[in-house]
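K.L.:
Test case, fold it:
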Amino acid sequence: MDTSKTSRKQVPALFRKIGHTLSGFNLDIGGGKYNEVSKNFDNFLNWVYDPHSRTQEENRVVLETIGVFGINSITISNVLNVIQLDEEIVEVLNFAKTFCVSTFITVYEGDKSGVGCITRDGYQRNQKLRNYLPIVQQIWENCYIKNGIIFCP
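P.N.:
Residues are numbered from 1 along each chain as shown. This next block holds a predicted model:
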């Protein structure tokens, strides 16, 4: 499913919560088409990888750059909530897990009904953060929720 319309020109809440604690290089999976995080933080370099909102060339360059410099953290902000199928969520999480660094996950909970629906911009799962924990725990056994973030050490 195309999630490119869900991209917002804003700093996601996840970065407002932990952006000041990040350092080095961060891989922002599903970070959208805007560079607001990079414009608002200078304590880390944010590389966006987003197959739906960035070109193949942009994503290729990010992956090549990571291959050279490595990464210190991964963020997945407001991504899982726009993916309809659990299997596709697992694919995103498995991709993140391959880098073996701390990963931070947040979601937009929508109306919190747990009933997914099509919106003007795409799909919205409308699930609370805690509902994603069992899926994430399939990939990271030791993950936990604190302050509205799923932490995956």
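K.L.:
From Glu58, how far out is the residue nearest the centre of the chain?
P.N.:
Closest to where the C-alpha atoms of the chain average out (Cα atoms, centre = their mean) is Ile76, at 1.4 Å. Distance of Ile76 to Glu58, given as Cβ to Cβ, to the nearest Å: 18 Å. Every C-beta, even on glycine, is put in place using the N, C-alpha and C of the backbone.
K.L.:
How many residues are close by the closest residue in space to Gly19 that isn't next to it in sequence?
P.N.:
In space, and not counting its chain neighbours, Gly19 is closest to Phe41: 4.9 Å by Cβ to Cβ, 6 or more residues apart in numbering. Using other Cβ atoms under 10 Å, Phe41 has 16 other residues around it.
K.L.:
Please look at Phe41 and Arg16 and confirm they touch.
P.N.:
No. Using Cβ atoms under 8 Å, Phe41 is not in contact with Arg16; the gap is 10.1 Å.
K.L.:
Helices along this structure, start to end?
P.N.:
13-18, 36-40, 56-69, 86-97, 129-137 (DSSP state H).
K.L.:
Make TSV from these and add mean pLDDT, distance to Gly114 and mean neighbour count to it.
P.N.:
Output for the helices of the chain, formatted as TSV (pLDDT from 0 to 100; distance: least, Cβ to Cβ, whole Å; neighbours: other Cβ atoms under 10 Å):
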stretch	mean pLDDT	distance to Gly114	mean neighbour count
helix 13-18	96	20	17
helix 36-40	94	29	16
helix 56-69	97	32	12
helix 86-97	98	13	16
helix 129-137	98	7	16
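K.L.:
Reformat these as a markdown table; add distance to Lys112.
P.N.:
Below are the helices of the chain laid out as a markdown table (distance: least, Cβ to Cβ, whole Å):
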| stretch | distance to Lys112 |
| --- | --- |
| helix 13-18 | 15 |
| helix 36-40 | 25 |
| helix 56-69 | 32 |
| helix 86-97 | 18 |
| helix 129-137 | 9 |
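K.L.:
mind checking how far Glu91 is from His20?
P.N.:
30 Å.
K.L.:
Show the contacting residues for the closest residue to Lys9 other than its chain neighbours.
P.N.:
Leaving aside its chain neighbours, Lys9 sits nearest to Tyr34 (4.6 Å; criterion: Cβ to Cβ, 6+ apart). By Cβ atoms under 8 Å, 6 or more residues apart in numbering, Tyr34 lies in contact with Ser7, Arg8, Lys9, Gln10.
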